[in-house]
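S.K.: kindly return the folded structure for what I paste below:
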Amino acid sequence: MHPELSPFDGVLLIDKPPRLTSHDVVDYIRREFRFKKVGHCGTLDPAATGLLMIVLERATKLQDRLMSDDKTYEGTMVLGVTTDSQDADGKILAEKPVPSLTADDLEKVFAKFRGDIQQIPPMVSAKKVEGVALYKLARKGQTIAREPKNVHIFDLRLLNLVLPRVDLRVTCTKGTYIRTLCHDMGETIGCGAHLAALRRTRSGKFDVKDAKPLDEILKLKRDQLIPLIIPVLKLIQPA
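M.R.: Below is the predicted model:
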């Protein structure tokens, strides 16, 4: 091992449970194992589950680099119901009848959203405008203009269709809002939609299959983490 590095300088792959923020997970790891520096590589909404990359100690210097990797998600879009947060946690804004769509119909919609697209970040999001997170303004009932941002959808495919539920898989660039993608596809279809469930399965070369559930991690002693930590030197090697 590099003389300046400790076995705790690296990345821990955690399968985030629902109902916790990404920051909650960081706090749990910092407090339980007494790390000085802990961060995460890409926010997951509280309702979302799946791969959360936790950077420890010196590996926090690689946070921006790791966060820039492309990501893969599996989720469920529900047609016919639009919410103010674009997901199931929000207040229902509108309900409309769902047309009798086939897999081929949905493929035509998906095709319009592959490649470079623009998204307007939702008000209920961690994105900051002039230093203030949008969700904080949304809690006060405020809505402000947001600049559209460019994202890229590498892959968008149907996994299962039982109307009004549409199970899908998305591979995209960092910063893509899957709930906004669902909302925008619902607008294209004409009946509206929201994201009902989301799981991140991959980030860069890392897969959720190699992650451990948070509750299992928290049962370990500090030294028992070492075999689970991907060392800094492995992280900076080319894939």
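
S.K.: contacting residues around the residue most central in space within the chain?
M.R.: Among the residues of the chain, the one closest to the centroid is Leu44, at 4.0 Å (CA atoms, centre = their mean). Contacts here follow CB atoms under 8 Å, 6 or more residues apart in numbering; on that basis Leu44 touches Lys16, Ser22, Gly50, Leu52, Leu198, Arg200. For every residue, glycine as well, the C-beta is placed using N, CA and C.

S.K.: wait, the first one touches Ser22, no?
M.R.: It refers to Lys16. Yes - under the criterion of CB atoms under 8 Å, Lys16 makes contact with Ser22 at 7.0 Å.

S.K.: more neighbours: which of these two?
M.R.: Legend: neighbour count by other CB atoms under 10 Å for Lys16 and Ser22, higher for Lys16 (26 against 21).

S.K.: so what's that one closest to, chain neighbours aside?
M.R.: Leu52 (4.3 Å; CB to CB, 6 or more residues apart in numbering).

S.K.: dig out what the one you found forms beta bridges with.
M.R.: Listed by DSSP bridges, the beta-bridge partners for Leu52 are Ile14.

S.K.: ok, Gly75 - how many residues close by?
M.R.: 23.

S.K.: hmm, back to that, and the contacts of Leu44 as CSV, adding secondary structure?
M.R.: Converted to CSV, the contacts of Leu44 look like this (DSSP: H, G, I helix; E, B strand; the rest coil):
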residue, secondary structure
Lys16, strand
Ser22, helix
Gly50, strand
Leu52, strand
Leu198, strand
Arg200, strand
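
S.K.: and the residue nearest to the centre of the chain, what element?
M.R.: Per DSSP states H and E: Leu44 is located in neither a helix nor a strand.

S.K.: quick check on it: phi, psi?
M.R.: When read as degrees, to the nearest 10, the backbone of Leu44 gives phi -110, psi 130.

S.K.: for Ile92, state which of the contacts of Leu44 is nearest.
M.R.: Nearest to Ile92 out of the contacts of Leu44 is Leu198 (CB to CB; 18.6 Å).

S.K.: ok, that closest one - contacts?
M.R.: 44-45, 47-50, 73-76, 87, 178-179.

S.K.: rank the residues you listed by pLDDT and give me only the lowest.
M.R.: Lowest pLDDT of the contacts of Leu198: Asp45, 88.

S.K.: how many residues are close by that one?
M.R.: 21.
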